[in-house]
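Peer 1: Have a look at this prediction, sequence included:
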Amino acid sequence: MNATLIVNGEKQTTQIATDTTVLDLMNQLQSENQITFSGKDYPGMGMFVEEINGIKNNSQDNKYWIYYINGQSAQVGISNYTIKPNDVIEWKYENTNL
């Protein structure tokens, strides 16, 4: 199945296996030199991204990477969300005090 990942407006579409998590997809794209990212694993909540393509979360400015699934803010870490057919995963670097 295909998966689409958008980071700050840049779209990547790639083939993935069923039962692929967002973390799996991002690891795959990183291994293909399409993106870079790093994060931290929180027990019970999963992996949360702290940096994508050199842009890090900034607590002073309240700007963080937030990911969306089909336009809705995700409620779980990227290691806990299994991608479904036709899902669009989008990362936005946003001010969390809106």
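Peer 2: That came through fine. Because the structure is a prediction, the values reported are computed rather than measured.

Peer 1: Please name the nearest non-neighbouring residue to residue 92.
Peer 2: When the adjacent residues along the chain are set aside, residue 92 lies closest to residue 66, with 5.5 Å between them (CB to CB, 6 or more residues apart in numbering). (C-beta placed from N, C-alpha, C; glycine too.)

Peer 1: I'd guess residue 44 is in a helix, am I close?
Peer 2: No: with the criterion set as DSSP: H, G, I helix; E, B strand; the rest coil, the secondary structure at residue 44 is coil rather than a helix.

Peer 1: counting contacts, what elements does the lowest-mean-pLDDT helix or strand in the chain pack onto?
Peer 2: In the chain, no helix or strand scores lower on mean pLDDT, DSSP states H and E than strand 10-15, which sits at a mean of 90. In this structure, strand 10-15 packs against strand 2-7, helix 22-31, with contacts taken as 3 or more CB pairs under 8 Å, 6 or more residues apart in numbering; DSSP states H and E.

Peer 1: quick one: it to chain centroid distance?
Peer 2: When distances are taken as CA atoms, centre = their mean, to the nearest Å, strand 10-15 is centred 12 Å away from the chain's centroid.

Peer 1: Next: stretch 12-23.
Peer 2: Stretch 12-23 has its average C-alpha position 11 Å from the chain's average C-alpha position, going by CA atoms, centre = their mean.

Peer 1: Kindly report the same for stretch 4-22.
Peer 2: Computed by CA atoms, centre = their mean, the separation of stretch 4-22 from the middle of its chain amounts to 9 Å.
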